[in-house]
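1. Build me a model from this:
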Amino acid sequence: MTGMSPIASSLLRIHKIISRALDVSMQKCDEYLGKQGIPPEEATGFPLYVTTLKWITHSHHLTEDDIAFPYFRDKLEAPYARLEEDHQVMARILVDLDTCLSKISSGGVGRLREVLGEFDRVWGPHIRIEEDHFTADRLKAVAGLREQERLLSQITEHGSKNSGPLPLALPFLFYNLEDTDREAFMMAFPWFIKQVFVPIIWRGYWKPMSPFLLV
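-> This next block holds a predicted model:
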C-alpha cells in the first residue's frame, strides 16, 4: 500500500491496468496492420478486450467525477476543471472506439489504431497530473486511513455498477496487473470470487481475452 494510503494505491493500480490495456491494444493493432488482418484465434477476444477497456475507463472516470473529486475539491488543491475536461474528451473518444469496433471485421483496424492513439495522447498527461496531485502524503494530510477506506469502499461499489459484466471486468482488472500488484488488488475480494468464479465458473466468458492478459 502506497504509504498507507488506500486511495493513492487504488489510483496507481487502476492507472496501471488501463495503461497496460491501452498499450496492448495499440500494439495488437500495429501487429494486425502488418499482417493485413486479425488472426481467427484472436478475432473474438480482441474486440472484447478493447470493449472492456472502454467500460473500465468509463467506470473509473465516473467514480472520480461523482465521488472522489467532489470529496477532495475543498480539501486538496488540484486542477479539477482540467481533469474533468479531459474526462469529457476521453468520453467522446470512447464513443468513437465503439464505432470502430463495430467495423473492425471489415478492415477497420487502421481507424481503431488512430482512435486508440488519440486516447493515449490524452491519457498519459492526464494520469501524470492526477498522480502528481493525489499523492499518498497529500491524501493523508486531508483524510485518515479509516476515512480513505470508507471512501474507497464507495468508489468500489460505484465502479462495479458501471464497469460492464463482472465475468469480463474482474478478469480484466486482475490480469492486467503484474503479480505483486495483482495480489494486493485481489486481497479485497472474497475467496470464492478469486478461486472459483473468475478462474472456473466465468472462464468461458473471458477466455477469448486470455491472449491479451497476464495469465
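
2. what about the nearest residue to Ile127 once chain neighbours are set aside, how many neighbours?
-> Leaving out its chain neighbours, the residue that sits closest to Ile127 by C-beta to C-beta, 6 or more residues apart in numbering is His15, at 4.7 Å. (Each C-beta comes from the backbone N, C-alpha and C, glycine too.) Residues near His15, counting by other C-beta atoms under 10 Å, number 17.

3. So that it lines up with my notes, have the first residue be 639 from now on.
-> Yes, from this point I'll number from 639; that puts the last item at His653.

4. List the buried residues in the host helix or strand of His653.
-> Using DSSP states H and E, His653 sits within helix 644-673. Within helix 644-673, the residues that count as buried by 16 or more other C-beta atoms under 10 Å are 644-656, 658-660, 662-664, 666-667, 670.

5. Quick one: the strands in this protein, in order.
-> With DSSP state E as the definition, the chain shows no strands.

6. if we can go back for a sec, starting at the chain centroid, how far to the helix holding His653?
-> Computed by C-alpha atoms, centre = their mean, to the nearest Å, the chain-centroid distance of helix 644-673 equals 8 Å.

7. And for this structure, the residue most distant from the center?
-> Computed with C-alpha atoms, centre = their mean, the residue of the chain farthest from its C-alpha average is Gln674, at 28.4 Å.

8. Can you pull the phi/psi pair for that one?
-> phi 60, psi 40 (degrees, to the nearest 10).

9. and Leu790, how many residues sit next to it?
-> 20.

10. Check what pLDDT it gets.
-> Note for Leu790: predicted pLDDT of 96.

11. which residues touch it?
-> Applying C-beta atoms under 8 Å, 6 or more residues apart in numbering to Leu790 gives the contacts Pro644, Ile645, Ser648.

12. which residue sits closest to the last one, ignoring its sequence neighbours?
-> In other words, Ser648. That would be Leu790: by C-beta to C-beta, 6+ apart, it lies 5.8 Å from Ser648.

13. same check, this time on the second one
-> For Ile645, the nearest residue in space outside its immediate sequence neighbours is Gln786; the separation is 4.9 Å by C-beta to C-beta, 6+ apart.

14. what's the pLDDT at the one you found?
-> Listed pLDDT for Gln786 reads 97.

15. got a list of what it touches?
-> Gln786 is in contact with Ser643, Pro644, Ile645, Leu777, Lys778, counting by C-beta under 8 Å, 6+ apart.

16. give me the low-pLDDT residue ranges for this protein?
-> 639-641 (pLDDT under 70).

17. The same query, at a cut-off of 50, please.
-> 639 (pLDDT under 50).

18. Now stretch 789-800: buried residues?
-> So for stretch 789-800, counting by 16+ other C-beta under 10 Å, buried means Leu789, Leu790, Ile793, His796, Gly797, Asn800.

19. er, stretch 737-750 actually
-> Buried residues in stretch 737-750 (16+ other C-beta under 10 Å): Cys738, Leu739, Ile742, Val747, Leu750.

20. Need those residues in a markdown table (columns: distance to Pro849).
-> Shown next, in a markdown table, are the buried residues of stretch 737-750 (distance: C-beta to C-beta, whole Å):
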| residue | distance to Pro849 |
| --- | --- |
| Cys738 | 20 |
| Leu739 | 17 |
| Ile742 | 16 |
| Val747 | 16 |
| Leu750 | 17 |
